[in-house]
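# coordinates only, sequence not included:
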C-alpha cells in the first residue's frame, strides 16, 4: 500500500535526477513508496542550481546534466507544489531561531509545515541534509534520510 504524500527536500530529490549511487538507490526506494511527492515552490531552482554546481565542479559532465534536467522535468509533472504564500513566509520567519536553519532551509521546513497545516503528526518527509532532517524531526515529521 502506498502512503498518499511525502514532503521531499531538494537533497533527496537531486539523486533521482543524476547518478549518485547510494543516495540514488535510497531516493528511488523512498519515492516508490509514496503516491504523490510534495515539494517547495523553489525546489526547481534549487535542483537546477545544484546541477550547475556539479557541472562547474567537474562532478557531472554536460551530457549528464542535460539528462538530469530532463529527468527533473518529468518529475515536476507529478509533484505537488507548496506555493510561496503569506502563511509560508510567516512560518519561515520563526524557523531560523527555533531550529537554527538558514533562510532557504527555513522556507523548505515552513513549506512542509504549511502543507500539513502546521500539524506534522509524523507525516513523512525525506531529506539527506542532516541539519534540515533534524529540524524536520523536531518539528514533528517522520524523516526518512540516507540512514533511516
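All right, it came through fine. Treat the numbers as computed from the prediction; the structure is a model and nothing was measured. Numbering: from 1, shown residues only.
# Surely residue 43 touches residue 10?
Yes - taking Cβ atoms under 8 Å as the definition, residue 43 is a contact partner of residue 10 at 5.4 Å. Backbone N, C-alpha and C define where each C-beta goes, glycine included.
# Name the residues contacting each of those two.
The overlap between the contact sets of residue 43 and residue 10 (Cβ atoms under 8 Å, 6 or more residues apart in numbering) is empty.
# Excluding chain neighbours, what is closest to residue 102?
Beyond its immediate neighbours in the sequence, the residue positioned closest to residue 102 (Cβ to Cβ, 6 or more residues apart in numbering) is residue 96, lying 7.1 Å away.
# and the one you found, what element?
Assigned by DSSP states H and E, residue 96 belongs to helix 86-99.
# Repeat that for residue 29.
Residue 29 is located in helix 21-32, with elements delineated by DSSP H and E.
# roughly how far is that helix from the heart of the chain?
Its chain's C-alpha centre and that of helix 21-32 lie 13 Å apart, by Cα atoms, centre = their mean, to the nearest Å.
# now do stretch 9-25
Between the mean C-alpha point of stretch 9-25 and the mean C-alpha point of its chain there is a distance of 10 Å (Cα atoms, centre = their mean).
# Need the residues that contact it.
Outside stretch 9-25, the residues that reach it (Cβ under 8 Å, 6+ apart) are 26-28, 30-31, 37, 39-40, 43, 46-47, 50-51, 54, 60, 64-65, 67-69, 71-72, 75, 108, 125-129, 132-133, 136, 144-146.
# let's go with 7 Å and repeat that
Surrounding stretch 9-25, the residues in contact under the criterion Cβ atoms under 7 Å, 6 or more residues apart in numbering are 27-28, 30-31, 39, 43, 46-47, 50, 60, 64, 68, 71-72, 75, 108, 125-129, 132, 146.
# Equivalent analysis for stretch 93-101, please.
So stretch 93-101 is contacted by 106, 109, 110, 132, 135, 138 (Cβ under 7 Å, 6+ apart).
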